[in-house]
Each structure stands twice: as C-alpha cells, then as structure tokens.
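**Q** Fold the following for me, if possible:
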Amino acid sequence: MKDGEKSGASAIKSVRTLITTRLSRGGGASFLINSIGMGLAMLLQIALARLLGVADYGIYAFVTTVVTFMVFPAKLGFDTATVKLVSAYRVKGDWPLIKGLLRRSNQIGFTLSILTAIIGIAVVAWMDWGSGKQSETADHAKTIAYIAGFAAIPLLTLATLRQSALQAMKDALFAQLPEKIIRPVLTIGFVAALGAAGVKLGAALALLCYLLATAVTYVIGAVVLKKRIGTQTAAVVPSFETRGWLRLSSSLMVNAGMYLILGQLNVLMMGFMRGETESGLFSAAVRLAVLVSFMLTAVNMTASPLVSEMYAKGDMNGLQRVCRRTGRIGFAFAAVVFAYFVIFGHWTLGLFGAEFTKAYPSLLILAFGQLFSAYCGQNGTVATMTGRQNSLTKILIAAAVVNAGLNALLIPQLGMLGGALAATLSLIVWNSAAVLLVSRKPGVQTLAWAPRLSLVRKRGNYS
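**A** Residues are numbered from 1 along each chain as shown. Here you go, the predicted model:
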C-alpha cells in the first residue's frame, strides 16, 4: 500500500473512531437519561390515572396536549435552529454569534410565550366567568386546570430553548436532566404529598403541581446553562444576524408544527370529537407507543449536532456512518419494544386502570407506526441539518393534511381505532417521502438496512 493510501486509510479510521466515541459517550448518556425519564414519565401518568380517575386524568392529558400545541409557535422554531446553528458556529469558534443567537432567541421566545399564555388564559376565563352563564363547580375546576397549564407556557418555551443550546454543545446529560428527570419526580412528589395530606385531588390541582415543578426545573436548567457556557461567553460581545435567524427559524417552526400535528393532533381531535375521557384513554396508548422509537430519539440528541458538524465540514462519509449506526441501534431497540407490546401491551395498559385496556388495539397500530419510523432512521434530522428543511416542510404539510383528513373521517366512526389508523398512515407517508428526499440530496441512506447499502458502501466507502 502506498504512503498516500495509508494516510488516507488512517484518516478514515480516525474519523470512524471519533464518530463512534462521540455517539457512544453522548448516546449512552442520552439513552440513560431518556430511559430513566421515560420510566418516570410513565410512572407519573400511571400514578395520575389512578389518583385522579379516568375523567380527571382525561382533562389533565388533554390540557397538557393543548399546552404543547401552544408552546410551539412561541418557540418560533428557534429550538431546532439553535441546534443547527450553534453546532456549525462551534466548528468555526464563533462565540459572538453563539451568544447573540442565544440571547435573541430567548428574547423572542419569552415575548411570544407571554402573549400566547395571556391570550389562552383570557379566552378560557371569559368562557367560564365572563360569559354571564352560571357554571358548575366542576367547570370552574376545569378552567383553573387550563389556566395553570397556560401559565406554564413561558417556562416551557425558555426551557426548550435552553435544552437545545446544551444539546448543540453536545451536553446531552445536562440538556435533558431537568425536564426528563427532575420535573416528573417533583410533579409526582407534589401530587402524592397532597394526596397523603388528605387533599381531594383533581385535574386542576395536578396541573398546579405541574406548573410548580416546571418553575423549579426552569431555574435549575438556567443555572446549569450559565455554568456550562459562561466561561466561553462571559467576555464576548454578542453578534446578531436576526433577520437570517428569523428566516431559518420560521421555516423550521413550520416543520416543528407539522411534527406536532402528526404526533398529537389525534389526541386533540379525539378530545373535541369524542370527549376528554376517551381522549385520556387514547393518550395513554400514544404515550406508550412512543417508547418504540425512543432509542432513536435519545441517540438523536447526540446525532443532530454531529450531522450538522459533518455536513459543515463536507464529510459525507462521516455523515453516512452517523446515520447508519444510529439507525440500526434505534431500529433494533424498536423491534424489541414492539414485540413487548404485542405480548404484554394489554397488561401494561391495565396499570393505568382497567378502563385503559380498551386502547390495546390502538396501541398495537400506533406501535407499528413507530416501528416503521425507527426503521426509516434519522431522515428528518438529516434533511433539517443539511439545508433541505423547505422540501421536508412540503412533505410534512402533505402528511399533516392526510392526518387531519383521516382523523376527521375515522374518529367519529371508529373512535380510538380511527385515530390510531390516521396517525400510523400519515407516519408511513412522510417517513417514506423523507427517506427518498435525503437519498437524492445530500445522498445519504437513512434506512436501518437496505438492499442498496452494499452498493452505497462500495461507491462511497461508508463502511
């Protein structure tokens, strides 16, 4: 072998080692946090379902879904833009732009989230107390539940932006620890303490506990971020490219909205069309089904900045390796979890309460959709981090339209089963299209395993 070939092979091996090391360290930490966090989240949902009862749990689940929809326009897409841009800026050592981006995104996010929360609170308050109609005590309690949920919107918005900043800094542990671990622990603790004290629990009180836990974790997360990047940015004068950032973040916000619609619209429409109780039952199935693809989501916390970094360097071989390794890990885990739900899904739903077992057929359909998504790999992340977000937007919009149409058609007739079918079919549509999108440009294969992989390996030396 010639010296040039040896040095080239050595360079490729070094890149492979670097990728493997980063994915192992960051992915391992992310997997650990996500595993514990997911377990705590399930424990929280099971505890609330049993403590509150089906009706109040349905209100809690529905309100938190509505809040999730209201947070995403307040973020204006800056959460995804932060991961993409900060990762690229770090490659160049451009700390002034990093500081400027973090400051401006928080200013915009805080302003929009305050406006969103005020509008939401004003609407529900007027519908209950300002309409001139005599409302029942139960209706007042529901209104308080909505107000508590809406009050958390600014805190949730800023927490998400902080999480994205730490994710871009490849600090998966501290990015996820406050929201994944501390918040559910505090929420469970507050609710359990009130129950032990003999206080009558309901959706309103549970959401007030959630608001308090969110406030505490926000403060913790803000302190962590300051300590993690304070030394690099303390003496730096921030630079701003606000117009460019707004153009990018607005585009990414559309994609985030489409992801949200594809993941949560079914629960929302179920609540409007079939009532909050059935929406609560369906929400339990949705939350469990997400476990199928959660390994891919966990690894994505490390993979996203790596994808952006490899693309910024023009290292397409490294980019392909990241996609293949994360995709195979994610799908292997997904297959195991899917098999678990096939066998033990009915029993698992029963942990929430006997009535929740009605959602078992829906759980299987939703879990299959997540399995298919895991097989398709990091297609959305690759599209976003390599400048293909506009094309991805068109795909997601089309899938969201399909989702909404199928929901409107199937939910009135089939209930939870219709919502599950709508979610899964739209998931298959957009994942298939996104795989084709990134395979054409930038030319990356995101499927966990594919017949063409051997040809790609020979041509691109991606092994």
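**Q** need the next SSE after the helix or strand that contains Val267, C-terminal direction.
**A** Taking DSSP states H and E as the definition, one finds Val267 inside helix 242-274. Where DSSP H and E defines the elements, the next helix or strand beyond helix 242-274 is helix 276-289.
**Q** what's the distance between the host helix or strand of Gln413 and the middle of its chain?
**A** Assigned by DSSP H and E, Gln413 belongs to helix 389-414. Between the centre of helix 389-414 and the centre of its chain there are 18 Å (CA atoms, centre = their mean, to the nearest Å).
**Q** any idea of the angle that helix forms with helix 242-274?
**A** 10 degrees (axes from the mean of the first three to the mean of the last three CA atoms, to 10 degrees).
**Q** quick one: buried residues of helix 389-414?
**A** 389, 391-393, 395-397, 399-400, 402-404, 406-407, 410-411 (16 or more other CB atoms under 10 Å). All C-beta atoms are positioned from the backbone trio N, CA, C, and that covers glycine.
**Q** min pLDDT across the residues you listed, which one?
**A** Lowest in pLDDT among the buried residues of helix 389-414 is Gln389, which has 76.
**Q** Could you find the closest non-adjacent residue to that residue?
**A** Residue nearest to Gln389 in three dimensions, not counting chain neighbours: Ser251, with 5.5 Å by CB to CB, 6 or more residues apart in numbering.
**Q** what does Gly318 give?
**A** Leaving aside its chain neighbours, Gly318 sits nearest to Met310 (4.4 Å; criterion: CB to CB, 6+ apart).
**Q** which secondary structure elements does the helix holding Val267 contact?
**A** Judged by 3 or more CB pairs under 8 Å, 6 or more residues apart in numbering; DSSP states H and E, helix 242-274 is in contact with helix 3-75, helix 78-92, helix 95-128, helix 276-289, helix 379-385, helix 389-414, helix 416-440.
**Q** about what we covered before: mind listing what the residue nearest to Gly318 touches?
**A** 316, 318-319, 322 (CB atoms under 8 Å, 6 or more residues apart in numbering).
**Q** Please apply the same query to Gly380.
**A** With contact set as CB under 8 Å, 6+ apart, Gly380 has these partners: 255, 259, 392, 434.
**Q** from the residues you listed, which is closest to Tyr57?
**A** Distance to Tyr57 across the contacts of Gly380 (CB to CB) is lowest for Tyr259, with 25.1 Å.
**Q** can you tell me the helix or strand for Asn317?
**A** Using DSSP H and E, Asn317 falls in helix 316-350.
**Q** ok and that helix relative to helix 416-440, angle-wise?
**A** 170 degrees.
**Q** Now helix 316-350: buried residues?
**A** The neighbour-count check on helix 316-350 (16+ other CB under 10 Å) flags 316-327, 329-331, 333-334, 337-338, 341, 345-346, 348-349 as buried.
**Q** about what we covered before: pick out the lowest-pLDDT one from the contacts of Gly380.
**A** At the low end of pLDDT for the contacts of Gly380 is Asn255, which has 72.
**Q** Tell me how far the residue nearest to that one when sequence neighbours are not counted lies from Ala88.
**A** Once flanking residues are discounted, Asn255 sits nearest to Thr393: 5.3 Å by CB to CB, 6+ apart. Counting by CB to CB, to the nearest Å, the gap from Thr393 to Ala88 is 20 Å.
**Q** Which strand or helix spans the residue nearest the centre of the chain?
**A** Centroid-nearest residue in the chain: Thr297, 7.8 Å away (criterion: CA atoms, centre = their mean). Using DSSP H and E, Thr297 falls within helix 294-313.
**Q** Next, the angle helix 78-92 makes with that helix.
**A** 50 degrees.
**Q** for helix 294-313, which positions count as buried?
**A** Residues 294-312 are the ones in helix 294-313 that count as buried (16+ other CB under 10 Å).
**Q** just stretch 110-129 next, same as before
**A** Buried, per 16+ other CB under 10 Å, within stretch 110-129: 112-113, 116-117, 120-121, 124-125, 128.
**Q** For those residues, give me JSON lines that also has distance to Tyr218 and pLDDT.
**A** JSON lines is the format used below for the buried residues of stretch 110-129 (distance: CB to CB, whole Å; pLDDT from 0 to 100):
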{"residue": "Leu112", "distance to Tyr218": "16", "pLDDT": "94"}
{"residue": "Ser113", "distance to Tyr218": "12", "pLDDT": "95"}
{"residue": "Thr116", "distance to Tyr218": "16", "pLDDT": "94"}
{"residue": "Ala117", "distance to Tyr218": "14", "pLDDT": "94"}
{"residue": "Gly120", "distance to Tyr218": "18", "pLDDT": "92"}
{"residue": "Ile121", "distance to Tyr218": "19", "pLDDT": "92"}
{"residue": "Val124", "distance to Tyr218": "23", "pLDDT": "88"}
{"residue": "Ala125", "distance to Tyr218": "24", "pLDDT": "85"}
{"residue": "Asp128", "distance to Tyr218": "28", "pLDDT": "70"}
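**Q** how many neighbours does Phe272 have?
**A** 12 (other CB atoms under 10 Å).
**Q** quick one: it from Val66, how far?
**A** Applying CB to CB to Phe272 and Val66 gives a distance of 10 Å.
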